[in-house]
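Enquirer: Sequence first, then the predicted structure:
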Amino acid sequence: MSESFTGRVWILGNDIDTDIIIPTDYLALNTVKEMAPFGFSPLRPELASLIKEGDIIVAGSNFGCGSSREQAPEVVKALGIKAVIADSFARIFFRNAINNGLLLIECPGLSQIVKEGDEITVVPGNHITYEDKDYPIASLPENLMEILKAGGLVSAMRARNGLTD
Amino acid sequence: MGQTIIEKIIAHNIGVKSVKPGDIVTVNVDRVMLDDIMIAFVNKKFEEMGFSKVWDPEKIVLIYDHFVPASQVDDTRAYKAGDDFVDKYNIKNIHRSDGICHQLMTEAGYVKPGDIVFGTDSHTTTYGCVGAFSTGIGYTEMAGILGTGQLWVKVPSTIKVTINGNLPEGVYSKDVILRIIGDLTAAGATYQALEFCGDTIENMSIASRMTISNMAIEAGAKCALFTPDSKTAEYCDITLNEFQMNLVGDEDAVYAKELVYKAEDFVPNMACPSQVDAIKPVSELKGTKIDQVFIGSCTNGRLEDLQAAAAVLKNKTICPYVKLIITPASRKIYKAALADGTLEILSKAGAMITHPGCGLCCGRAGGILTDEEVVVSTNNRNFLGRMGTSKVKIYLASPATAAMCAIKGEI
Amino acid sequence: MGMTMAEKIIALAASVAEAKAGDIYTVELDRLMSNDGTTHLTIDMFNKLKNPVIKDVNKLVWIVDHNIPSDSPKTAASHKKMRDFAREKGIAFYEGEGVCHQIMMENHVRPGELIFGADSHTCAYGALGAFGTGVGCTDYLYAMVTGESWLLVPETLRFNLHGTLKKGVYARDLILTIIGKIGANGANYMAMEFAGDGMKSLSMADRISICNLCVEAGAKTALMEVDDIALDYLKLNGNRKPKAIVSSDEDANFAKIFDINLNEIEPIVAKPHFVDQVVAATECLGVHIDEAFLGSCNNGRLEDLRVGASIIKGKKVSDKVRFLVVPASRTVYQEAMAEGLIDIFMDAGAIVMNPNCSVCWGSCQGVIGEGETLISTGTRNFKGRAGHKDSFVYLASAATVTASAIAGYITTADRI
């Protein structure tokens, strides 16, 4: 995860809540894979079908506010999103995302600069490059990076306990 | 540079001199609380992670409260899952019918000032009433803690709330926190710690402080902290050590925001349907017809709450066709209210007194309502559909206000 | 020829001089009880009638007891329908005050009355010399609108009770023994009448418990002669005056007469899944239980709580057992509170619920799950009655239930 990567950007606004990310109705589905096509459907019903593996979401403030449903970050990850970059994240979503191996990056203001469909390059823990300009980002501590690298908390704990997936 | 209470607790826990907001650190967990709703999920994750034993059975507390008494046949599965879990991992701290988790954690002595505690329920913020850093987490993280005894946290910035003076008669800590949530808004303290101080706070009982820390999550707060004092020491049955005595926000600590209130300015408040931050003075809502009143929950189901209701209801009877449901927060509270005659007064006034548990607040039983019905409740959330259909109107209030509404049949 | 109690009460209600078993009469009802199990259906039917009227609103008593506090929006809607209707029409209405039959005994039933209840255990009212019988909501609606109904005069099984119950044996053991003896349909369509010198030793609580369970033998009603114990009860509870005090004539015609020596009765358990599957409690010793229930219209009175409290005082409920203690009414709860019984149960780790039907009704709070076993003072042990369809209910006395709650398996009080 510390290697840099480049991806196409989807722009979302402020206060993207967990009911937007995955509405309550679809939580009854058995698997996250089945839920994924309904991701972001209240806001942009077509979005889930357009997202491709390796794409990046760039959003405004308070991304992931609302309930504690762990399905929200799981759906984002299942859609193939490589990272979510936002002005800020809601607390429980932040934790649940890390625990499910979804990379979150705070980069205030970026959503006002990047245009949807453009590509950006992320050097985790260091900076984001867009149109030849670098935007610094904070580094996550090593322990969080380890969770992310392992693909989530369950996998990290399995590795810690000498198990392989 | 000075530190806030939360910074002191975290720094002490990880053995450094200071931390600052935004730092991400790994803390050693002093205690965890698991409830009946989440135990099966936690156990599943714990097994997936490949753990064969828990880090410290002594530090794990399992409490059945949402499903007590069982109202649906599948509820008892949670008991089975919990019983199997404690047997397998040799956990002794289990309460099967003693009351609400957040009441029991401090009441039964599981949480001390300065502790770091996590629970699988959003109202885990309650234990800030004794100066502990406590907050709610998901079931995956809880499984991780059970195996490792550790969790990463981001040090929150702090909002300082100062209240000085004497609260007017008929105004309680519930009215205070409702007003503060209204002022902050439902997301106003997201990721932040609330810190309460001032002589009004100092004069409050632990029970009253508990109401405030319990509801802090409704403003999005990660935790809500009170400086431990002699009342805290007595309640926790300990002598405060130097670290615990020093859990006070330093004068030169850096706060993200400061709110200052005069106690005399508070009035009886209600949170109106269906947002916790839709606060109005009771006087503006007078005359609204009601169908039911609920006094209980981890917010307001303590002895002083029942006593406040009893003071209003003594030698009176509730309005015909209105139901008053009272659910003490714990077995200990029930017994105390039995001993001092409070339950007798409440029963004679016409209240239905149920066994301690989450009751109506968690929306699974205990007085569910239907379309067009109106309930005045002392609990912490009035979200759409929380106590029945989406057409039920829920007003949140203090126990005294709620009791008065039960007599009048209207707000 | 002489008449039985049942014949006399029906004759009174039919305004005839004489009634005999097998005859059908149009009778005027004295009282009509209905609860939240079915009242919403009655109201729906009532509202579909052309120009619906209630003949005499003063005879109606409506009681919310089965699911209180409400556990779902559906239940709440049915309660609301009942409450709004009762309020509009001025029907006596109780909500959360206790189990319907206990409320009726404490407040309404008078000796000699003929009472329909939209609940099978209405036969409990025989403890006060009233003819109570359970009806469906169609019969109830007809009686509500016309004030009348038709009734087949039942034959009577007479039980002459002699002597006194031994220590540690209760009325509940007696009636379960009788049901075991005559079978679950042994009194189909009949009245069960209890008399004899043994009656003297039975309290009102005992008597209600006996009459209440007679429907489990198929009985239409149960009847007991009104004596000083019954008259004292009426005096203490609202100073009610009897409509008529009747007893069977010496030359009355009984279908069968049983003589029962009370001192021969032993602690009894009814095994799953029928009330007449009775065996000596000692035959079930050691059966693992998950839940124990002390309450219901059958055994939730002060006397029953006293029995339980005396056994559990200073002891604890077994770790994994849920011991539900549910007083039958607000009055019982307050009396138990005043006597310190509630404190004893709370100390022991019991779950003390507000007066309601609880697990006896099986969809109220306290239900049991798949594969679980309950020992209960409730009325029925049918398959699925207490919750999950694959669960097990044993019926026993307050003493046996409490003792089992302490042990964690079925046992009798003398073994604790």
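Expert: Nice, thanks for sending it over. Because the structure is a prediction, the values reported are computed rather than measured.
Enquirer: going forward, measure contacts between C-alpha atoms and count neighbours the same way
Expert: Fine.
Enquirer: tell me the contacts of the residue in the stretch 51-200 of chain C that chain B sits nearest to?
Expert: Closest residue of the stretch 51-200 of chain C to chain B, Cα to the nearest Cα: C:Asp71 (3.9 Å). C:Asp71 makes contact with B:71, B:364-368, C:364-365 under the criterion Cα atoms under 8 Å, 6 or more residues apart in numbering or on different chains.
Enquirer: Of all those residues, the one with the weakest confidence?
Expert: Least confident entry in the contacts of C:Asp71, by pLDDT: B:Arg364, with 79.
Enquirer: what about that one, how many residues close to it?
Expert: Neighbour count of B:Arg364, defined by other Cα atoms under 10 Å in any protein chain shown: 22.
Enquirer: Determine the three-state secondary structure at it.
Expert: coil (DSSP: H, G, I helix; E, B strand; the rest coil).
Enquirer: The residue nearest to it when sequence neighbours are not counted and C:Val352: what is the separation?
Expert: Distances taken as Cα to Cα, 6 or more residues apart in numbering or on different chains put C:Asp71 closest to B:Arg364, at 6.4 Å, once the chain neighbours are dropped. From C:Asp71 across to C:Val352, the span is 17 Å (Cα to Cα, to the nearest Å).
Enquirer: that older thread, output the contacts of C:Asp71 as CSV; include the columns distance to B:Ser208.
Expert: Formatted as CSV, the contacts of C:Asp71 follow (distance: Cα to Cα, whole Å):
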residue, distance to B:Ser208
B:Ser71, 30
B:Arg364, 26
B:Ala365, 26
B:Gly366, 24
B:Gly367, 25
B:Ile368, 27
C:Cys364, 33
C:Gln365, 30
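Enquirer: and these, which are buried?
Expert: Burial by neighbour count, 16 or more other Cα atoms under 10 Å in any protein chain shown: within those this picks out B:71, B:364-368, C:364-365.
Enquirer: interface residues of chain B facing chain A?
Expert: B:24-25, B:45, B:48-51, B:137-138, B:140-141, B:144, B:152, B:190-191, B:222 (Cα under 8 Å from any Cα of the partner chain).
Enquirer: The residues you listed in helices, which ones?
Expert: B:45, B:48, B:140-141, B:144 (DSSP state H).
Enquirer: from memory C:Val99 sits against C:Asp65, does it?
Expert: Yes. Contact criterion Cα atoms under 8 Å: C:Val99 and C:Asp65 qualify, at 5.3 Å.
Enquirer: residues in contact with C:Ala6?
Expert: Per Cα under 8 Å, 6+ apart, neighbours of C:Ala6: C:131, C:153-154, C:156, C:191, C:223.
Enquirer: quick one: the residue in chain A positioned nearest to chain B from B:Glu47, how far?
Expert: Using Cα to the nearest Cα, the closest approach of chain A to chain B is made by A:Arg158 at 4.6 Å. Applying Cα to Cα, the value for A:Arg158 to B:Glu47 is 9 Å.
Enquirer: cool, and C:Ser397?
Expert: 44 Å.
Enquirer: what do you get for C:Trp361?
Expert: 38 Å.
Enquirer: Same question for C:Ile368.
Expert: 27 Å.
Enquirer: Run through the helices of the chain in chain order.
Expert: With no chain named, the answer covers chain A. Counting by DSSP H, the helices of chain A are A:18-21, A:32-35, A:47-50, A:71-78, A:91-99, A:110-113, A:142-150, A:153-160.
Enquirer: Let me rephrase: I mean chain C.
Expert: So, for chain C - with DSSP H - the helices run C:5-14, C:39-48, C:73-89, C:100-107, C:137-146, C:171-182, C:204-212, C:228-236, C:296-299, C:302-312, C:330-338, C:341-348, C:398-407.
Enquirer: okay if I get those helices as JSON lines plus distance to B:Asp36 and mean pLDDT?
Expert: Below are the helices of chain C laid out as JSON lines (distance: least, Cα to Cα, whole Å; pLDDT from 0 to 100):
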{"stretch": "helix C:5-14", "distance to B:Asp36": "53", "mean pLDDT": "98"}
{"stretch": "helix C:39-48", "distance to B:Asp36": "34", "mean pLDDT": "95"}
{"stretch": "helix C:73-89", "distance to B:Asp36": "23", "mean pLDDT": "96"}
{"stretch": "helix C:100-107", "distance to B:Asp36": "33", "mean pLDDT": "98"}
{"stretch": "helix C:137-146", "distance to B:Asp36": "40", "mean pLDDT": "94"}
{"stretch": "helix C:171-182", "distance to B:Asp36": "36", "mean pLDDT": "96"}
{"stretch": "helix C:204-212", "distance to B:Asp36": "36", "mean pLDDT": "98"}
{"stretch": "helix C:228-236", "distance to B:Asp36": "45", "mean pLDDT": "98"}
{"stretch": "helix C:296-299", "distance to B:Asp36": "27", "mean pLDDT": "97"}
{"stretch": "helix C:302-312", "distance to B:Asp36": "27", "mean pLDDT": "98"}
{"stretch": "helix C:330-338", "distance to B:Asp36": "29", "mean pLDDT": "98"}
{"stretch": "helix C:341-348", "distance to B:Asp36": "21", "mean pLDDT": "98"}
{"stretch": "helix C:398-407", "distance to B:Asp36": "22", "mean pLDDT": "98"}
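Enquirer: Go ahead and flag the most central residue of the chain.
Expert: Answering for chain A, as no chain was given. Centroid-nearest residue in chain A: A:Val84, 3.5 Å away (criterion: Cα atoms, centre = their mean).
Enquirer: not quite, I wanted chain C
Expert: Judging by Cα atoms, centre = their mean, chain C has its centre closest to C:Asn212, at 3.5 Å.
Enquirer: tell me the contacts of that residue?
Expert: Taking Cα under 8 Å, 6+ apart as the test, what C:Asn212 contacts is C:121-125, C:222, C:297-298.
Enquirer: The residue in the stretch 151-300 of chain C that chain A sits nearest to - how many residues pack around it?
Expert: Minimum separation of the stretch 151-300 of chain C from chain A (Cα to the nearest Cα) falls at C:Asp290, amounting to 30.9 Å. Using other Cα under 10 Å, C:Asp290 is surrounded by 22 other residues.
Enquirer: That one contacts C:Ser318, correct?
Expert: No. At 9.5 Å, C:Asp290 does not count as touching C:Ser318 under the criterion of Cα under 8 Å.
Enquirer: Quick one: mean pLDDT over stretch B:137-145.
Expert: Stretch B:137-145 comes out at a mean pLDDT of 92.
Enquirer: Going by distance to C:Met105, which of the contacts of C:Asp71 wins?
Expert: For the contacts of C:Asp71, the residue nearest C:Met105 by Cα to Cα is C:Cys364; the value is 22.4 Å.
Enquirer: OK, contacts around the closest one?
Expert: C:Cys364 neighbours (Cα under 8 Å, 6+ apart): B:71, C:66-68, C:71, C:357-358.
Enquirer: Please identify, among the contacts of C:Asn212, the one with the most neighbours.
Expert: C:Ala222 (33 neighbours).
Enquirer: Go ahead and confirm that one touches C:Tyr189.
Expert: No. Using Cα under 8 Å, C:Ala222 is not in contact with C:Tyr189, being 11.0 Å away.
Enquirer: just to revisit the earlier point, of A:Arg158 and B:Glu47, which one has the most company?
Expert: Neighbours per residue (other Cα under 10 Å) separate A:Arg158 from B:Glu47, with A:Arg158 holding more: 19 against 15.
Enquirer: How about the residues of the stretch 201-350 of chain B by chain C?
Expert: B:321, B:323, B:325, B:331, B:335, B:338, B:344, B:347.
Enquirer: cutoff 10 Å now
Expert: Within the stretch 201-350 of chain B, the residues that sit near chain C (Cα under 10 Å from any Cα of the partner chain) are B:291, B:320-327, B:331-332, B:334-336, B:338-339, B:341, B:343-345, B:347-348, B:350.
Enquirer: for the stretch 51-200 of chain B, same thing?
Expert: Close to chain C, as judged by Cα under 10 Å from any Cα, the stretch 51-200 of chain B has residues B:67-77, B:79-80, B:83, B:94-98.
Enquirer: List buried residues within the residues you listed.
Expert: B:67-77, B:79, B:83, B:94-98.
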